[in-house]
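> With the sequence up front, the predicted model follows.
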Amino acid sequence: MAFKHKHLLGIQHLAASEIMTVLKTAESFLEISTREVKKVPILRGKTIINLFFEPSTRTRSSFELAAKRLSADIVNFNRQTSSAVKGESLKDTVLNLEAMNPDALIIRHSCAGTPYFISTFCRSNIINAGDGAHEHPTQALLDSFTILQEKKSIEGLKVVIVGDILHSRVARSNIFLLKKLGARVVLVGPPPLLPEEFKNFGVQIDYNFDRAVESADVIMMLRIQLERQQKNYFPSIREYRNLYSLTKKRFRRAKKNAIIMHPGPVNRGVELSTELADSAESVILKQVENGIAVRMAVLYLLLGGKESEATD
Amino acid sequence: MEEKIKARIMDSRKIKRAIHRMTTEIIERNRKLKNVVIVGIRTRGIYLGKRISKLIKDLEKVDIPVGVLDITLYRDDFSELEAQHMVRKTEINFSVSKKDILLVDDVLFTGRTIRAAMDSLIDLGRPKTIQLLVLIDRGHRELPIRADYVGKFLPTSKREVVQVKLKEYDNCDEVLITEPSGLK
């Protein structure tokens, strides 16, 4: 089944079969990164611009390497060293970059909906690399790819997502994706960071981590996003740690072959103990490795084939 | 689109004989048989490669590994393709450096697939030699490429389609010439 979208703005509007197409394609790309010559010529002559209005190490370099391994040319735009600090508007910045004839724009912005807004006036393919607390589709795709490597199937798995759900685009994209593939999703976090409304996504909510972790197959820990919090959502880091940190003791309640995931960056000792972060059950670095293959698949599927056929 | 079968060129016995003859030629030409590795081009090249490897094992008691090559990412007609091509795995679990590679495909036509396959192999390492084996050579080359081992030379017109079917994939062994009908 082909992937017929012009942009990747989020997981919400993808069909399960399209998600599987991306994951299957990614599997074929995995081997390229282990070669001596880590490069295939398929996107030769394509230009991609990494447009990051927010700091990032993993996602930006992952996209950059993915593009380079497909032989595309990629340029990095950095907010701090750009004309945006001179007061240029977002739309003007993007229109100027588009005048340089890129084929795709990879966008990260602190405002939800920015990639969508840009897609309304650009002819390039737009890829959302994280917009505010909305979506981070490639992260969710690489998370599912990693789960599939360990568990073979996502259907019926119990996936517990723990932490600052309210501010997490990773959580949202993962909820959409995991639900589409038939997982049972349980959200855990302090009540101010986990509003009841999340139940509308068809997930379970539990404020008691010890109870929620019971018989979990996958435990996904999130970082407390202090940069997105204007007010105090919990009394102290110490209290947060007592209630919502994944410790060895808590982890023992999960299924025997359960895995630990984290989109990074990890605050060691806050949401996840150092011991567990480095344990055999942790697939955190696998996620990073898989991220390149998944992003290669996304670039290939969006930039390949005939443009006229693509919809949306 | 309808297609009509114009001729049945080879059956299971003829295919078997051709593979047997080519295998003997491979053994004759490669004195260091142990240095030979087989790389089959998806999809039917893989099964031809496996048959040859097994035959070499029977005749000479030498194990020849068979790898799988997917050339989608090396195609030169990528932007012209109608629909997206599903990328599948390249599975070559051995080093190709300093090896004598026997590249295997079912039909040799324009030569563009082989060009892509050679680029791909060279990205994996530096082989000592690359030899090409095809079951059918149907002519109409667009690049300066020729095969070292050919099962059958088959002059065709460009409109015709040569279909190789193999038991492992198509449930029968045969080579057909077909022509799309209805379209002029």
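Received it, and whenever you're ready, just let me know what you need. Numbers count the residues shown, from 1 in each chain, chains lettered A, B, ... in the order given.
> can you list the residues of chain A near chain B?
When proximity is defined as CB under 8 Å from any CB of the partner chain, chain A approaches chain B at A:2-3, A:21, A:24-25, A:27-29, A:31-32, A:35-37, A:39-42, A:70, A:297, A:300-301, A:304-306, A:309. Any C-beta I mention is one placed from the backbone N, CA and C, and that applies to glycine too.
> and with 7 Å instead?
Contacts of chain A with chain B, taken as CB under 7 Å from any CB of the partner chain, map to A:2-3, A:25, A:27-28, A:31, A:35-37, A:39-42, A:300-301, A:304-306.
> Which of those fall within strands?
Among these, no member falls in strands (criterion: DSSP state E).
> So which residues of chain B form helices?
Along chain B, counting by DSSP state H, helices occupy B:12-29, B:44-60, B:112-124, B:167-170.
> Go through the ones you listed and name the closest to chain A.
Distance to chain A, taken as CB to the nearest CB, is lowest for helix B:112-124 among those, at 4.3 Å.
> pLDDT averaged over the closest one - what is it?
For helix B:112-124, mean pLDDT rounds to 93.
> ok, back up a step: filter the residues of chain A next to chain B to the buried ones?
The neighbour-count test (16 or more other CB atoms under 10 Å in any protein chain shown) applied to the residues of chain A next to chain B identifies A:2-3, A:25, A:27-28, A:31, A:40-42, A:300-301, A:304-305 as buried.
> could those residues be laid out in CSV, adding distance to A:P191 and pLDDT?
Output for these, formatted as CSV (distance: CB to CB, whole Å; pLDDT from 0 to 100):
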residue, distance to A:P191, pLDDT
A:A2, 43, 74
A:F3, 39, 85
A:T25, 40, 94
A:E27, 40, 94
A:S28, 44, 92
A:E31, 45, 91
A:V40, 49, 92
A:P41, 53, 91
A:I42, 48, 91
A:Y300, 42, 94
A:L301, 40, 94
A:G304, 46, 77
A:G305, 47, 57
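> give the contact list for A:A16.
Residues near A:A16 by CB atoms under 7 Å, 6 or more residues apart in numbering or on different chains: A:K180, A:L181.
> Now it: phi and psi?
Backbone geometry at A:A16, expressed as degrees, to the nearest 10, gives phi -60, psi -40.
> center of the chain - which residue?
Unless you meant another one, I'm taking chain A. Centroid check for chain A by CA atoms, centre = their mean gives A:Q139 as the closest residue, at 1.8 Å.
> Sorry, I should have been clearer: chain B.
Central residue of chain B (CA atoms, centre = their mean): B:D105, 0.5 Å from the mean position.
> Show the pLDDT at that residue.
Value listed for B:D105 in the pLDDT field: 97.
> Show me what it is bridged to.
Using DSSP bridges, the bridge partners assigned to B:D105 are B:V134.
> Am I right that it is in contact with B:G45?
Yes. The criterion here is CB atoms under 7 Å, and B:D105 meets it with B:G45 at 4.4 Å.
> how about the helices of the stretch 201-312 of chain A, start to end?
Taking DSSP state H, counting those that start in this stretch as the test, the helices found in the stretch 201-312 of chain A are A:209-212, A:237-244, A:248-251, A:274-277, A:284-303.
> Let me know which of those helices is tucked in deepest.
helix A:284-303 (a mean of 23; mean count of other CB atoms under 10 Å in any protein chain shown).
> what does the model give the closest residue to A:I224 other than its chain neighbours for pLDDT?
Distances taken as CB to CB, 6 or more residues apart in numbering or on different chains put A:D164 closest to A:I224, at 5.1 Å, once the chain neighbours are dropped. pLDDT, A:D164: 93.
> give the contact list for A:D164.
Contacts for A:D164 (CB under 7 Å, 6+ apart) come out as A:G189, A:L193, A:L222, A:I224, A:Q225.
> Could you dump those residues into CSV with pLDDT and neighbour count added?
Formatted as CSV, these follow (pLDDT from 0 to 100; neighbours: other CB atoms under 10 Å in any protein chain shown):
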residue, pLDDT, neighbour count
A:G189, 95, 29
A:L193, 93, 21
A:L222, 96, 24
A:I224, 84, 22
A:Q225, 77, 16
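> can you tell me which of these lies nearest to B:G67?
Ranked by distance to B:G67 (CB to CB), these are led by A:L222 at 41.6 Å.
> Next up, the contacts around that closest one.
A:I161, A:V162, A:G163, A:D164, A:S168, A:V170, A:A171, A:E271.
> Now with 10 Å, please.
By CB atoms under 10 Å, 6 or more residues apart in numbering or on different chains, the contact set of A:L222 is A:161-165, A:167-168, A:170-171, A:174, A:188-189, A:193, A:244, A:261-263, A:271-272.
> Low-confidence stretches in chain B?
B:1, B:78-84, B:182-184 (pLDDT under 70).
> With chain A instead?
Scanning chain A for pLDDT under 70 picks out the ranges A:1, A:228-230, A:305-312.
> okay, which residue of it is out on the far edge from center?
Distance-from-mean max, chain A, by CA atoms, centre = their mean: A:K86 at 30.4 Å.
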